[in-house]
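Visitor: Got a predicted structure plus its sequence, pasted below:
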Amino acid sequence: MRWICLVLAVLLAAANTATASARVVREAVETAAEVSGKNLTKATRKAAQKALAEAFAKYGDDALRAARHGGLEAIRCGARYGDDFWRLTRGASPHAVRSLALHADELMPIAKRIGAEFMLLEGKAPGLGAKVVAEFGDDAARMLARTASADDIAKLAGYAGKADSPATKKLLAECYGQKGHRFLEKLDWKKIMATGLSAAAVTAAYKISDGVEEGIKTAAKENPEQFAKGVFSAVAPIVWALAVPIAIAVALVLLKYLKLRRKRSADADRNSP
């Protein structure tokens, strides 16, 4: 009797689990339909629930989360690409999951090659991941995914489109990798949009962001006395250059004043009885 009760309890628990699983799958499918903006027919609902139930059994909550964020397209991609799709969407942002689901034919080969960092890149700047990879290459795309902000990614992609050669694009990514946003600020975007981007412009922006600013900060911090002497040495010629004409001007005014005073004194002497 005890064994019979135990078996019944196990069967009841399994039935409850199956019921709960079916419920969360149904809810996820309805959410996916809302994300996709689609009205489900009885047949499409049943097919989506079946596909997602199979994915849920294998990948757990990650499959439900991908469906909720990626829409019905994510469920179809999961059925088509299997492990690769569910692995890439695990932990990815909603924007990245949705983008991958919508443009799987274009993005899946790239995402499989680069890995989770592509999903990070696409999540930061939806729609730009493939362009960044095409312009800068896989390694630079990984670096930008880790270090660049969404705004910087957009700017870099735009500048790359204006670059005069692949070498300039490579240099642009390398300089950003070393100096980040500070380097990007030194590029004249108006000029780039008007005339294009050259290696010389990239190099000049890098030197400005690196040499002048960092040199001043380092010298002032590490050797303030020497820094002060250096500043004085640099400024002294300017000071002297300004002092000489000022002194001459003051002398001329003084001479004019003394001459006028002598004249008034002489006039006073002539007019005295």
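Guide: Looks like it came in fine. Remember, predicted model here, so these are calculated numbers, not experimental data. Numbering: from 1, shown residues only.

Visitor: Can you verify my assumption that Ala125 contacts Lys155?
Guide: No. At 10.3 Å, Ala125 does not count as touching Lys155 under the criterion of CB atoms under 8 Å. Where you see a C-beta, it was placed from the backbone N, CA and C, and this is true even at glycine.

Visitor: neighbour count winner among the two?
Guide: Set Ala125 next to Lys155 and count neighbours by other CB atoms under 10 Å: Ala125 wins out with 24 against 19.

Visitor: Next up, the contacts around the closest residue to the more buried one other than its chain neighbours.
Guide: Distance criterion CB to CB, 6 or more residues apart in numbering; nearest residue to Ala125, sequence neighbours excluded, is Ile153 at 4.3 Å. Taking CB atoms under 8 Å, 6 or more residues apart in numbering, we find Ile153 in contact with Leu121, Lys124, Ala125, Leu128, Val132, Leu144.

Visitor: As JSON lines, the residues you listed with distance to Pro166 and pLDDT would be great.
Guide: Output for the contacts of Ile153, formatted as JSON lines (distance: CB to CB, whole Å; pLDDT from 0 to 100):
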{"residue": "Leu121", "distance to Pro166": "20", "pLDDT": "97"}
{"residue": "Lys124", "distance to Pro166": "24", "pLDDT": "95"}
{"residue": "Ala125", "distance to Pro166": "21", "pLDDT": "94"}
{"residue": "Leu128", "distance to Pro166": "19", "pLDDT": "95"}
{"residue": "Val132", "distance to Pro166": "14", "pLDDT": "97"}
{"residue": "Leu144", "distance to Pro166": "17", "pLDDT": "97"}
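
Visitor: Quick one, which of those residues are buried?
Guide: Buried members of the contacts of Ile153, scored by 16 or more other CB atoms under 10 Å, are Leu121, Lys124, Ala125, Leu128, Val132, Leu144.

Visitor: returning to what we had before: distance of the residue nearest to Ala125 from Arg90?
Guide: According to CB to CB, to the nearest Å, Ile153 and Arg90 sit 23 Å apart.

Visitor: Likewise for Asn39?
Guide: The spacing between Asn39 and Arg90, counted by CB to CB, is 29 Å.

Visitor: Between those two, which has more neighbouring residues?
Guide: Of the pair Asn39 and Arg90, Arg90 is the one with more neighbours under other CB under 10 Å, namely 17 against 8.

Visitor: That one contacts Asp62, correct?
Guide: Yes. Taking contacts as CB under 8 Å, Arg90 lies within contact range of Asp62: 4.7 Å.

Visitor: which outside residues touch stretch 22-36?
Guide: The contact list for stretch 22-36 (CB under 8 Å, 6+ apart) reads 39-40, 45, 48-49, 52-53, 56, 64, 67-75, 98.

Visitor: from those residues, which ones fall inside helices?
Guide: Members of those lying in helices (criterion: DSSP state H): 45, 48-49, 52-53, 56, 64, 67-70, 72-75, 98.

Visitor: Farthest-apart pair in these, please.
Guide: Within the ones in helices among the contacts of stretch 22-36, two members stand farthest from each other by CB to CB: Ala53 and Arg98, at 21.6 Å.

Visitor: When the two are compared, which one has more neighbours?
Guide: Between Ala53 and Arg98, counting by other CB under 10 Å, Arg98 is the more crowded of the two (23 against 18).

Visitor: With adjacent residues omitted, what lies nearest to that one?
Guide: Spatial nearest neighbour of Arg98, chain neighbours left out: Gly70 (5.3 Å); criterion: CB to CB, 6+ apart.

Visitor: how close does that neighbour sit to Leu197?
Guide: Between Gly70 and Leu197 the computed distance is 36 Å (CB to CB).

Visitor: And for Glu106?
Guide: Distance, Glu106 to Leu197, using CB to CB: 26 Å.

Visitor: okay, these two: which has more neighbours?
Guide: Legend: neighbour count by other CB under 10 Å for Glu106 and Leu197, higher for Leu197 (26 against 13).

Visitor: Tell me if I'm right that the more buried one and Leu171 touch.
Guide: No. If you go by CB under 8 Å, Leu197 and Leu171 don't touch, sitting 9.7 Å apart.
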